[in-house]
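> Okay, sequence plus prediction incoming.
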Amino acid sequence: NAGVTQTPKFRILKIGQSMTLQCAQDMNHNYMYWYRQDPGMGLKLIYYSVGAGITDKGEVPNGYNVSRSTTEDFPLRLELAAPSQTSVYFCASSYSRGPKHFGDGTRLSIL
Amino acid sequence: TQLLEQSPQFLSIQEGENLTVYCNSSSVFSSLQWYRQEPGEGPVLLVTVVTGGEVKKLKRLTFQFGDARKDSSLHITAAQPGDTGLYLCAGASLPSNSGGSNYKLTFGKGTLLTVNP
């Protein structure tokens, strides 16, 4: 049982580049979430989804996009990377409201 | 804006000691969750408390939700090195006019606990 799988684990981007952070869960959860964690700042919600085809903005959505074409996958897209997006990104899923299962994160540096 | 203040921010103790960490807010939450996060990993949900005054125990960990549902505490008895980690609390709320569609979870900044052998 893999749970929530995030790829890649680490990435370095140059300013202005784009990339997609992948997230997959094998628990058939409807709810999926993307958070970013900055040092000493707790977790901030970027986007969430309550089911395939349905997404909504969280607290800090600017500079990001998401899609949810299947129940399993919830990719996060950065179109024009900026230094302020240097962070650790966590994907999470749950059967009901509120994140229950987190992935191990993607550590992203933008230089 | 709802804020959750966690204290202390850092705590370093010896194995076998007891400790309590706190999670406080001026806002009322419908439920509160505690997570533990180890370096290089995602948070792991420990417990959810829902009712004011509720106490839940998880082996040596005791969680309490305040009567007014604005605060919570986590007490660890006889701490062990395996308890080392970042302890996060997160309060859940539903705006009164949301019809349940705007569930919001606010995270505190965490307490970093180190238990030395």
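Looks like it arrived, so ask away.
> near chain B, which residues of chain A show up?
Residues of chain A lying near chain B by CB under 8 Å from any CB of the partner chain: A:4, A:40-45, A:90, A:92, A:97-105. From N, CA and C alone the C-beta is placed, and that goes for glycine too.
> Please check the residues you listed and keep the buried ones.
Members of these that pass the buried threshold by neighbour count (16 or more other CB atoms under 10 Å in any protein chain shown) are listed as A:4, A:42-45, A:90, A:92, A:97-105.
> In strands, which of the residues you listed fall?
Of the positions in these, A:4, A:43, A:44, A:45, A:90, A:92, A:101, A:102 sit in strands, assigned by DSSP state E.
> Just send those residues back as a markdown table, with pLDDT too.
As requested, those are exported to a markdown table (pLDDT from 0 to 100):
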| residue | pLDDT |
| --- | --- |
| A:4 | 97 |
| A:43 | 94 |
| A:44 | 94 |
| A:45 | 94 |
| A:90 | 97 |
| A:92 | 96 |
| A:101 | 95 |
| A:102 | 96 |
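> Looking at these, which is nearest chain B?
Sorting these by how near they are to chain B, with CB to the nearest CB, puts residue A:102 at the top with 3.0 Å.
> Let me see the mean pLDDT of stretch B:105-117.
On average, the pLDDT along stretch B:105-117 is 94.
> End to end on it, go ahead and measure it.
From the first residue to the last, stretch B:105-117 extends over 35 Å; the measure is CA to CA, to the nearest Å.
> again, but for stretch A:55-62
With CA to CA as the measure, the ends of stretch A:55-62 fall 14 Å from one another.
> contacts for that stretch?
Outside stretch A:55-62, the residues that touch it by CB atoms under 8 Å, 6 or more residues apart in numbering or on different chains are A:33-34, A:36, A:44-50, A:66-68.
> Can you tell me which of those residues are classed as buried?
Of all these considered here, the ones buried according to neighbour count by 16+ other CB under 10 Å are A:33, A:34, A:36, A:44, A:45, A:46, A:47, A:48, A:49, A:66, A:67, A:68.
> List the single closest residue to residue B:17 in space, sequence neighbours excluded.
Counting by CB to CB, 6 or more residues apart in numbering or on different chains, residue B:79 is the residue found nearest to residue B:17 once chain neighbours are left out, at 5.6 Å.
> surely the one you found meets residue B:18?
Yes. Using CB atoms under 8 Å, residue B:79 and residue B:18 qualify as a contacting pair, with a distance of 7.0 Å.
> Which ones among the contacts of stretch A:55-62 lie within strands?
With strands identified by DSSP E, the entries of these that belong to them are A:33, A:34, A:36, A:44, A:45, A:46, A:47, A:48, A:49, A:50, A:66.
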